[in-house]
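Trainee: Predicted model, plus sequence, below.
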Amino acid sequence: MSFRAHILGAAAGGGLPQWNCGCRNCTLARAGDIPSQTQSSLAVSADGQTWAILNASPDIRHQLSCTPALFPTGLRDCPLRAVLVTNGDIDHVAGLLTLREMQEFTLFATAGIHDVLAQNPVFDALNANVVTRSAIDLDRPFELLPGLTATLFPVPGKVPLYMEGETVETDVIGDQTVGVELVTDDTRTLYIPGCAMLNDGLRTRLRGADLLFFDGTLWRDDEMITEGLGQKTGQRMGHMSMSGPEGSLAAFDGLGITRKIYVHMNNTNPVLRPDSDERARAVAAGWTIGQDGMEITP
Ligand code: MLT
Ligand code: MN
Ligand code: ZN
C-alpha cells in the first residue's frame, strides 16, 4: 500500500485556455506556448487498484481518457470506486453528469453539499440504484477506499457562485466548503482547492503534513481587476492569493509540510507561465506548481 495522487486538472473554473478569454495566458496556451490545464480535480489511491476522484470537473471525460490508472479493466469494470466533492461549485460538480453511465460508485460530500445537489434535479441523472450518496459529518474519519481514511474539515469559504444572494459572506466556516485529510499507514495528505484564509484550526491541522494540495487561484488579490477581466478580488471569490503578507506563500512558511503543490489555478495566474518571475518565487518558497497529468507519491 502506498499513497499516490494524479492531478487530473490543475486549473480553476474556466480552465486554461478559457473559451471566451483573450488574456495573456489563455492566448499563450491556445498557441501551444505554455501548457494548457483542465479544471480542478485530483485522483487518489492507496492500493493502486481502487481510485477516488476528488471533485468532478466539467473536463472529467477528457481527464479520464488521459489517465491509464483509471481505464476500464473489463467490459464494465472500472477502478473508480468513489467521488468526493469539496463544494458545490460548477467546476467541482458538473463532471458528475458525465459519470451517469450506470457505473457503481459512492458519492461522498457533506450534508450541505448533498442538499445543493439534491436541489438540482439534473443530478438525478446519477441513478440511485448504482450511485450511493453518502453524507459525511465534518471531522469524522471514514473509509474512502481500502487503506485510505478521509476526514472532511471546514475551510473558510462561501456558497457556490450560482447560489449567491444579495450579500455574500466569503469566509463562512461550515459544511459548504471543505478540505480533505487523507491518511494511509504512513502518509498524511491534505487537499484544499478553495480557501479564503488560513485560521488557527487549519494551521494546526496542516502542520507536519507529508503532502499538501492547496488553492492556487490567484497570484494577487486584484489580478482579475488589473487584467481588465472583471471586478472581483480573490477575497470576494473566497480564495486567498499566493503573494502578499496574507498570501499562501507566507502563510505556509514554517508549517513543516514536506511537499506543497498548488492546484485550482485561475488562467490569469502568472505562475502558469513556466518562465515567469512569479513562478520562480513560488518554487523558491518550496512550492510545486501543479499541472495536468502530474503523478505524486510522497
Ligand atoms: C471558484 O472557485 O471561485 C468557483 O469555481 C467559481 C465558479 O464557479 O466559476
Ligand atoms: Mn473553483
Ligand atoms: Zn484567460
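Mentor: Perfect, I can see it now. Ligands and ions are numbered 1, 2, ... in the order given.

Trainee: centroid residue for the chain?
Mentor: With distances taken as Cα atoms, centre = their mean, Pro193 lies nearest the centre of the chain, 3.8 Å away.

Trainee: Look up how far Val131 lies from that residue.
Mentor: Plainly put, Pro193 is 22 Å away from Val131 if you go by Cβ to Cβ, to the nearest Å. Every C-beta, even on glycine, is put in place using the N, C-alpha and C of the backbone.

Trainee: and stretch 3-20, average pLDDT?
Mentor: The average pLDDT within stretch 3-20 is 98.

Trainee: quick one: is that stretch near ligand 2?
Mentor: Yes. Using Cβ under 5 Å from the ion, we find that stretch 3-20 touches ligand 2 at Ala12, Gly13.

Trainee: Could I get the CA-only coordinates of that stretch as PDB?
Mentor: Extracted in PDB, the C-alpha atoms of stretch 3-20 (Å, rounded to 0.1, in the frame of the first residue of the first chain):
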ATOM      1  CA  PHE A   3      -0.500   6.600  -1.400                       C
ATOM      2  CA  ARG A   4      -0.500   8.100  -4.800                       C
ATOM      3  CA  ALA A   5      -2.200  11.000  -6.500                       C
ATOM      4  CA  HIS A   6      -2.700  12.100 -10.100                       C
ATOM      5  CA  ILE A   7      -3.600  15.700 -10.900                       C
ATOM      6  CA  LEU A   8      -6.400  15.300 -13.400                       C
ATOM      7  CA  GLY A   9      -6.900  19.100 -13.700                       C
ATOM      8  CA  ALA A  10      -4.700  21.800 -12.200                       C
ATOM      9  CA  ALA A  11      -6.800  24.900 -13.300                       C
ATOM     10  CA  ALA A  12      -9.600  26.700 -11.600                       C
ATOM     11  CA  GLY A  13     -13.100  27.100 -13.100                       C
ATOM     12  CA  GLY A  14     -12.800  28.000 -16.800                       C
ATOM     13  CA  GLY A  15      -9.500  26.100 -17.400                       C
ATOM     14  CA  LEU A  16      -6.500  27.300 -19.400                       C
ATOM     15  CA  PRO A  17      -7.400  28.400 -22.000                       C
ATOM     16  CA  GLN A  18     -10.900  29.500 -21.000                       C
ATOM     17  CA  TRP A  19     -13.200  29.500 -24.100                       C
ATOM     18  CA  ASN A  20     -14.000  33.200 -24.000                       C
END
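
Trainee: what comes up buried for it?
Mentor: 3-18 (16 or more other Cβ atoms under 10 Å).

Trainee: Chain neighbours aside, what residue packs nearest to His264?
Mentor: In space, and not counting its chain neighbours, His264 is closest to Pro193: 4.2 Å by Cβ to Cβ, 6 or more residues apart in numbering.

Trainee: Next up, the contacts around that neighbour.
Mentor: Ser40, Leu42, Asn55, Thr86, His92, Phe213, Phe214, Asp215, Val263, His264 (Cβ atoms under 8 Å, 6 or more residues apart in numbering).

Trainee: what does Cys26 give?
Mentor: Applying Cβ under 8 Å, 6+ apart to Cys26 gives the contacts Leu16, Pro17, Gln18, Asn267.
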